[in-house]
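**Q** Got a sequence here, can you model it:
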Amino acid sequence: MGSKVGKTNPNLVGLIQHLKDASRLNGAPVWRDIALRLEGPMRNWAEVNVGKLNRYASENETVIVPGKLLGAGEIAKKLTVAAYRSSGQAKEKIEKAGGKSITIEELVKMNPKGSKVRIMG
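**A** Residues are numbered from 1 along each chain as shown. Have a look, this model is predicted:
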């Protein structure tokens, strides 16, 4: 039987720990949920296209993607999107529509309580 190996990317390990700490300090279960999703295998991570954001998110909403944000599709809504990874094309499209593409750490700083954040993926 193989041994269980944890995450080896120090940036990812630090982010997961930061999210768990933020959840505990601020009483925000959304950060713990994101941390647990990122702790899982990468093959189970969300891969969300901007077209899906356009379809399911509301105008001026904050969306978090616990995985990768991809650039397929079109977006016409002004959103704030935080993702672990984003393609350059996805960032371009979001900013062109008047939104912001930020990191998960920046979102935790902006909204420590995690209120009014939609998890996509």
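**Q** In the longest helix seen in the chain, which residues are buried?
**A** Assignment by DSSP state H gives helix 10-26 as the longest helix of the chain. Of the residues in helix 10-26, 15-16, 19-20, 22-23, 26 count as buried by neighbour count, 16 or more other Cβ atoms under 10 Å. Using the backbone N, CA and C atoms, a C-beta is placed for each residue, glycine as well.
**Q** ok, now stretch 68-81?
**A** Buried residues in stretch 68-81, counted by 16+ other Cβ under 10 Å: 68-71, 75, 77, 79-81.
**Q** could you dump the buried residues of helix 10-26 to TSV with distance to G88 and pLDDT?
**A** Shown next, in TSV, are these (distance: Cβ to Cβ, whole Å; pLDDT from 0 to 100):
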residue	distance to G88	pLDDT
L15	21	97
I16	25	96
L19	25	97
K20	30	97
A22	28	97
S23	30	97
N26	32	96
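**Q** Show me what the longest helix of the chain is in contact with.
**A** Helix 10-26 is contacted by residues 6-7, 28-32, 34-35, 38-39, 84, 104-105, 108, 112-114 when judged by Cβ atoms under 8 Å, 6 or more residues apart in numbering.
**Q** Can you show me the strands along the protein?
**A** Residue ranges of the strands in the chain, as given by DSSP state E, are 46-49, 62-70, 80-86, 100-102, 117-119.
**Q** Just put those in CSV and tack on distance to N11.
**A** Conversion of the strands of the chain to CSV gives the following (distance: least, Cβ to Cβ, whole Å):
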stretch, distance to N11
strand 46-49, 18
strand 62-70, 15
strand 80-86, 10
strand 100-102, 16
strand 117-119, 21
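**Q** Point out the most buried one among those strands.
**A** The highest average neighbour count among the strands of the chain, using mean count of other Cβ atoms under 10 Å, belongs to strand 62-70 at a mean of 23.
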